[in-house]
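*Asks:* A predicted structure for the sequence below; I have some questions about it.
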Amino acid sequence: MSDDRIFVDTNVLVYAYDTDAGEKHQTAGTVLMNLWESQRGAISTQVLQEFYVTVTRKVPKPLARRAAREVVDTYRAWPVHQPAVDDVIAASEVEERYQLSFWDALLIVSARRSDARTVLSEDFQDGRRIGELVISNPFAPSKRER
């Protein structure tokens, strides 16, 4: 088993709890279960904040706030990156260099600070490299056909 960390973006976490997400719900659930079993998952406070807001306000069947808080609490078992001032500066540089939104750049910085080698997200091009990080979209058609 590889010790490489895998950083999880908000959309993967949201789909795991959004029962209306169909096949993405199933895929995300499996992905997260595998990360729990392998102990390779990593996340950031940014992702947890976005998750909370999305699942309590933006999905068709929102989670109760208490249930969402309980989910967030479970992720304290993972490495959780808490962006600091240096990370904001680094994200502004990543944003400029790779032409990303600031929030995506901050996610990339958090993944790097978590010693991740892979970022699971549907928000970037599957297979894209950003520095040494590789983006993997677990919902890409090529991944579903395996």
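*Replies:* Nice, I can see it.

*Asks:* Show me what the longest helix anywhere in the chain is packed against.
*Replies:* For the chain, the longest helix by residue count, based on DSSP state H, is helix 23-38. Contacts defined by 3 or more CB pairs under 8 Å, 6 or more residues apart in numbering; DSSP states H and E place helix 23-38 against strand 5-8, helix 10-17, helix 141-144. Where you see a C-beta, it was placed from the backbone N, CA and C, and this is true even at glycine.

*Asks:* again, 6 Å this time
*Replies:* helix 10-17 (3 or more CB pairs under 6 Å, 6 or more residues apart in numbering; DSSP states H and E).

*Asks:* any residues touching the helix it packs on, and which ones?
*Replies:* With contacts defined as CB atoms under 6 Å, 6 or more residues apart in numbering, helix 10-17 is touched by 21, 24-25, 28-29, 32, 47, 50-51, 54-55, 120, 122.

*Asks:* Can you name the residues in contact with stretch 66-84?
*Replies:* Here stretch 66-84 has contacts from 41-45, 48, 52, 55-56, 106, 110, 113-114, using CB under 6 Å, 6+ apart.

*Asks:* swap the cut-off to 7 Å and go again
*Replies:* With contact meaning CB atoms under 7 Å, 6 or more residues apart in numbering, stretch 66-84 is reached by 5, 17, 41-46, 48, 51-52, 55-56, 106, 110, 113-114.

*Asks:* Next: stretch 36-49.
*Replies:* By CB under 7 Å, 6+ apart, the surrounding residues in contact with stretch 36-49 are 1, 4-10, 13, 35, 72, 75, 78-83, 106-107, 110, 114, 116.

*Asks:* residues of that stretch that come out buried?
*Replies:* By 16 or more other CB atoms under 10 Å, the buried positions in stretch 36-49 come out as 40, 41, 42, 43, 44, 46, 47, 48.

*Asks:* Please apply the same query to stretch 80-90.
*Replies:* Across stretch 80-90, burial judged by 16+ other CB under 10 Å covers 80, 81, 83, 87, 90.

*Asks:* ok, which stretches of this structure are strands?
*Replies:* 5-8, 41-44, 80-81, 116-120, 129-130, 133-136 (DSSP state E).

*Asks:* Let me have these in JSON lines, extended by mean pLDDT.
*Replies:* Listed next are these as JSON lines, based on pLDDT from 0 to 100:
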{"stretch": "strand 5-8", "mean pLDDT": "98"}
{"stretch": "strand 41-44", "mean pLDDT": "98"}
{"stretch": "strand 80-81", "mean pLDDT": "98"}
{"stretch": "strand 116-120", "mean pLDDT": "98"}
{"stretch": "strand 129-130", "mean pLDDT": "96"}
{"stretch": "strand 133-136", "mean pLDDT": "97"}
